[in-house]
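Undergrad: Fold the following for me, if possible:
(one chain, ligands or ions: 2)
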Amino acid sequence: MDNFTMSMPTEVLFGQEMTKNLSDMIKKYNGSRVLIVYGGGSVKKTGIYDMVTDHLKENGIFYKELAGVKPNPRISSVREGIKIIRENKLDFILAVGGGSVIDASKGMAAGSTYDGDPWDFYLRKAKLEKSPLPIGVILTLAATGSEMNGGSVVSNDETERKLPFRHPMLKPKFSILDPTFPFSLPKFHTAAGITDIMAHVFEQYFSPTDSAYLSNRLAEAIMKTCIHYAPKVMENPFDYEARANILWSGTLALNELLTYGKVTDWATHLIEHEISAIYDISHGAGLAILFPNWMKFVLDEDNVNKFIEFAKNVWDVNTKGKTELDIALESIERTREFFDFLEMPSSLTEVGIDDSRLEEMADKAIIFGDLGGFKKLGKEDVLEILKMSL
Ligand code: NZQ
Ligand code: ZN
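TA: Residues are numbered from 1 along each chain as shown. Ligands and ions are numbered 1, 2, ... in the order given. A predicted model of the protein is given here:
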């Protein structure tokens, strides 16, 4: 196991009706003038918006709001939020939504204490030096783990780029995780969220570090939880136990817990970001297309044991009488079948993407260097995975 430093500063308030603690939490982190950030309106339909704003009014907390953050959040929303924060001297950001709303809020938090343009952070032209505004989260979708990590992924329509920016100071101060909030999710977003959670685990499970035994078992527990509860939640969106377990899996899958002490991969995520940057597809859908192809591409004699572990411990593959390669390929097949069960797309063609811009995506994916910790990928490798995904 490699050396590591652990820091998980986000307070998690998990369970039904935890929103009643919202104003106490905001005050605890010295917030008194709040920017509420939300998406395209689901929070209004579900009543979460009214619940939050009524609560803030009752507790005498001043607020302004920024609505309309899109999935694959745009840098224009981040700039708009910073403007509202400055004009109204706001001191706290409350993100109410899924990963897109939280990620845009993180961009606002960083940008509001920076004199330049917030896109500089994503281009790696600027470093976060001044403390960002504190963020609190009310999560409505299990997927990204953004509610407990320091990552933010934002898109720029003008340049067709979608880039990540990460800093420990961007970890939310608190996150409220009420398993009833995702009850209203359409099947597609529930499924895309579960796919994303699985993909986060894959990125950390497929590692060249052999000695991180504990981390691997934790990863398997999260994958098995998703596999166990996915059919239940797809059948009944109001299944509290299923929603609760999936919600907590999403947070644990990307709050660094699985990363400590090992090298991780992240190639598939960076390739997916290039697809959604141009074609604006759902992140989870892009991952469902790419991941089985990435697995097939990287599988070789040196790493076949990792796939056998995956086959046995996650998919309960019966290995009797099968070659190592057969077992490994079966684990990939089972992964594909799981995404098919979730009704996620299996090819780029299926989501209307042809081969015209594959080369450009491969170029952009490696702009900061080769990808992958499990297996290094250069431009030609990325291009091959994209071609396999057509
Ligand atoms: O915009 P509204 O109307 O709120 O609708 C949203 C949106 O259309 C809807 N939704 C959310 N909660 C709902 C709901 N609809 C009904 N009921 C509810 N309770 O769901 C749609 C998708 O929301 P979005 O926030 O885009 O989804 P997700 O949480 O999957 O976030 C995806 C974004 O996060 C980035 C992705 O690249 C993508 O841009 N990621 C962020 C990461 C991070 N910060 O650590 C890591 C991830 O790997 C990922 O890259
Ligand atoms: Zn992801």
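Undergrad: going forward, measure contacts between C-alpha atoms and count neighbours the same way
TA: Fine.
Undergrad: pLDDT at the closest residue to K20 other than its chain neighbours, what is it?
TA: Nearest residue to K20, sequence neighbours excluded (CA to CA, 6 or more residues apart in numbering): H55, at 7.5 Å. H55 is assigned 97 on the pLDDT scale.
Undergrad: Is ligand 1 within reach of whatever helix or strand H55 lives in?
TA: Here H55 sits within helix 48-58, counting by DSSP states H and E. No: for helix 48-58, no contact with ligand 1 is found by CA under 6 Å from any ligand atom; the gap never falls below 8.7 Å.
Undergrad: near ligand 1, which residues of the stretch 1-150 of the chain show up?
TA: By CA under 6 Å from any ligand atom, the residues of the stretch 1-150 of the chain that approach ligand 1 are 39-43, 70-73, 97-101, 103, 140-141, 143-146.
Undergrad: PyMOL command for the buried members of these?
TA: PyMOL command restricting those to the buried ones, with burial defined by 16 or more other CA atoms under 10 Å:
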select buried, resi 39+43+71+72+73+97+98+99+100+101+103+140+141+143+144+145+146
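Undergrad: Out of the residues of the stretch 1-150 of the chain next to ligand 1, name the ones that lie in strands.
TA: G97 (DSSP state E).
Undergrad: Show me which helix runs longest in this protein.
TA: helix 213-235 (DSSP state H).
Undergrad: CA atoms of it as PDB?
TA: The C-alpha trace of helix 213-235 is given here as PDB (Å, rounded to 0.1, in the frame of the first residue of the first chain):
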ATOM      1  CA  TYR A 213      -6.300  -5.400  -0.300                       C
ATOM      2  CA  LEU A 214      -8.700  -3.500   2.000                       C
ATOM      3  CA  SER A 215      -9.400  -0.900  -0.600                       C
ATOM      4  CA  ASN A 216     -10.200  -3.600  -3.200                       C
ATOM      5  CA  ARG A 217     -12.700  -5.200  -0.800                       C
ATOM      6  CA  LEU A 218     -14.300  -1.900  -0.100                       C
ATOM      7  CA  ALA A 219     -14.600  -1.300  -3.800                       C
ATOM      8  CA  GLU A 220     -16.200  -4.700  -4.300                       C
ATOM      9  CA  ALA A 221     -18.800  -4.000  -1.500                       C
ATOM     10  CA  ILE A 222     -19.900  -0.800  -3.300                       C
ATOM     11  CA  MET A 223     -20.200  -2.500  -6.700                       C
ATOM     12  CA  LYS A 224     -22.200  -5.400  -5.100                       C
ATOM     13  CA  THR A 225     -24.500  -2.900  -3.400                       C
ATOM     14  CA  CYS A 226     -25.200  -1.300  -6.800                       C
ATOM     15  CA  ILE A 227     -25.700  -4.600  -8.500                       C
ATOM     16  CA  HIS A 228     -28.000  -5.800  -5.700                       C
ATOM     17  CA  TYR A 229     -30.200  -2.700  -5.500                       C
ATOM     18  CA  ALA A 230     -30.300  -1.600  -9.100                       C
ATOM     19  CA  PRO A 231     -33.200  -4.000 -10.100                       C
ATOM     20  CA  LYS A 232     -35.100  -3.000  -7.000                       C
ATOM     21  CA  VAL A 233     -34.900   0.700  -7.600                       C
ATOM     22  CA  MET A 234     -35.600   0.300 -11.400                       C
ATOM     23  CA  GLU A 235     -38.700  -1.600 -10.500                       C
END
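Undergrad: got the buried residues for that helix?
TA: Residues 215-216, 218-220, 222-227, 229-230, 233-234 are the ones in helix 213-235 that count as buried (16+ other CA under 10 Å).
Undergrad: Kindly report the same for stretch 303-310.
TA: 303-310.
Undergrad: Among the residues you listed, which one lies nearest to G193?
TA: The nearest member of the buried residues of stretch 303-310 to G193, counting by CA to CA, is F310 at 20.9 Å.
Undergrad: Test my guess that that closest one contacts E330.
TA: No: at 10.0 Å, F310 does not count as touching E330 under the criterion of CA atoms under 8 Å.
Undergrad: Would you map the strands across the chain?
TA: 11-14, 33-38, 62-66, 92-97, 135-139, 151-156, 161-166, 174-177.
Undergrad: Buried ones in the fifth one, by neighbour count?
TA: Of all the residues in strand 135-139, those buried under the rule 16+ other CA under 10 Å are 135-139.
Undergrad: Same check on the first one?
TA: Within strand 11-14, the residues scored as buried using 16+ other CA under 10 Å are 12-14.
Undergrad: Please determine how far the residue lying farthest from the centre of the chain is located from R334.
TA: Within the chain, the residue lying farthest from the chain centre (CA atoms, centre = their mean) is G321, at 38.5 Å. Plainly put, G321 is 18 Å away from R334 if you go by CA to CA, to the nearest Å.
Undergrad: Just give me the neighbour total for E58.
TA: Here the count is done by other CA atoms under 10 Å, and E58 has 10 residues near it.
Undergrad: How about the one 3 residues further on?
TA: Using other CA under 10 Å, I61 has 16 other residues around it.
Undergrad: From N59, how far off is the closest residue in space to it that isn't next to it in sequence?
TA: Using CA to CA, 6+ apart and skipping residues adjacent in sequence, the residue nearest I61 is S32, 5.8 Å away. Separation of S32 from N59 (CA to CA) stands at 10 Å.
Undergrad: Check H189 too.
TA: Noted for H189: a distance of 33 Å to N59, by CA to CA.
Undergrad: and those two? which has more neighbours close in?
TA: Using other CA under 10 Å as the criterion, H189 and N59 rank with H189 on top: 18 against 12.
Undergrad: State the distance from the more buried one to G98.
TA: Counting by CA to CA, the gap from H189 to G98 is 10 Å.
Undergrad: Report how many residues lie close to the nearest residue to V382 once chain neighbours are set aside.
TA: By the measure of CA to CA, 6+ apart, the closest residue to V382 outside its immediate chain neighbours is A362, 5.6 Å from it. Residues near A362, counting by other CA under 10 Å, number 23.
Undergrad: okay but A362 is in contact with L377, surely?
TA: No: look at A362 against L377 with CA under 8 Å: they stay out of range, at 10.3 Å.
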